[in-house]
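A.B. asks: sequence and predicted structure, then a few things I'm wondering about:
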Amino acid sequence: MLERLVARQYVTRSSGGDRYTLSLKLFALAHRHPPTSRLIAEALPPMQRFAEDAGQSCHLSVYDRGDLLVIAQVDDPGAWGISVRLGSRVGLADSASGHLVLAFQTPGQRRLMLDEHAKLDSAASFDNDMFEAAVSDVRQQGGIRRESRRAFGITDIAFPVLGPSGHAIAALTCPYVQRIDAHDAPSPCAVAALLRRTAEGLSMGGLRAA
């Protein structure tokens, strides 16, 4: 059986011939077909509660073939707001959600994901040492809260939804919109606390039971 997996490139043999590791092909296959329907069903009610309490939109994204795919999204309950469209593809190496998912992987898994991403974007380049330092900081903080690198007036807030192994299987993200009118809205700090609790609840419920 093991030799068949090697022949089909799902498992690779070490140069010494005595060790085996999962290949990129198997890793990509596992992430290409996650139990998304169950995850979405588990995630939507807490996401809707978050949106109501925070007055902000949120979206859930998973790793898919070198980038992230938005599989669930809830709008800001107000008259207007910023949201990411359902089904959108989000950059793995240049987004808060992507950095978050990468931060909560083993070094080997992170390398495989970035290698697959490079096949999609041949122009992508970054300083590996700086990148590793950045994802290490994200991992230590447990999430991301930073100014958007795509639009003014938006703060990206994101926390991981963790599987049983402690690795991120999804990113729960809020593009926090800073209001300039008299609207009384929760602060970024308060919204981050709400989003963290929502992601932690999904980690214990949705993914661990999936």
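C.D. replies: Cool, got the structure. Numbering: from 1, shown residues only.

A.B. asks: pLDDT weak spots in the protein?
C.D. replies: When the per-residue scores of the chain are filtered using pLDDT under 70, the ranges that remain are 1-2, 5-11, 13-18, 20-34, 120-127, 182, 204-210.

A.B. asks: could I get the full set of helices for it?
C.D. replies: Secondary structure of the chain by DSSP state H: the helices cover 2-7, 24-32, 36-54, 96-103, 107-120, 128-141, 188-202, 208-209.

A.B. asks: CA atoms only for the fifth one, dumped as PDB, please.
C.D. replies: Extracted in PDB, the C-alpha atoms of helix 107-120 (Å, rounded to 0.1, in the frame of the first residue of the first chain):
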ATOM      1  CA  PRO A 107       7.000  24.800   8.800                       C
ATOM      2  CA  GLY A 108       6.700  21.900   6.300                       C
ATOM      3  CA  GLN A 109       3.000  22.600   5.600                       C
ATOM      4  CA  ARG A 110       3.600  26.300   5.300                       C
ATOM      5  CA  ARG A 111       6.400  25.600   2.700                       C
ATOM      6  CA  LEU A 112       4.100  23.300   0.700                       C
ATOM      7  CA  MET A 113       1.300  25.900   0.700                       C
ATOM      8  CA  LEU A 114       3.700  28.700  -0.400                       C
ATOM      9  CA  ASP A 115       5.100  26.500  -3.100                       C
ATOM     10  CA  GLU A 116       1.600  25.800  -4.500                       C
ATOM     11  CA  HIS A 117       0.900  29.600  -4.300                       C
ATOM     12  CA  ALA A 118       4.000  30.300  -6.300                       C
ATOM     13  CA  LYS A 119       2.700  28.200  -9.200                       C
ATOM     14  CA  LEU A 120      -0.300  30.600  -9.400                       C
END
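
A.B. asks: from the chain's centre, how far out does it sit?
C.D. replies: What separates the centre of helix 107-120 from the centre of its chain is 14 Å, taken as C-alpha atoms, centre = their mean, to the nearest Å.

A.B. asks: now it and helix 96-103, what's the angle there?
C.D. replies: Between the axis of helix 107-120 and that of helix 96-103 there is an angle of 140 degrees, by axes from the mean of the first three to the mean of the last three C-alpha atoms, to 10 degrees.

A.B. asks: and helix 107-120, what does it pack onto?
C.D. replies: Helix 107-120 sits against helix 24-32, helix 96-103, with contacts defined as 3 or more C-beta pairs under 8 Å, 6 or more residues apart in numbering; DSSP states H and E. (C-beta placed from N, C-alpha, C; glycine too.)
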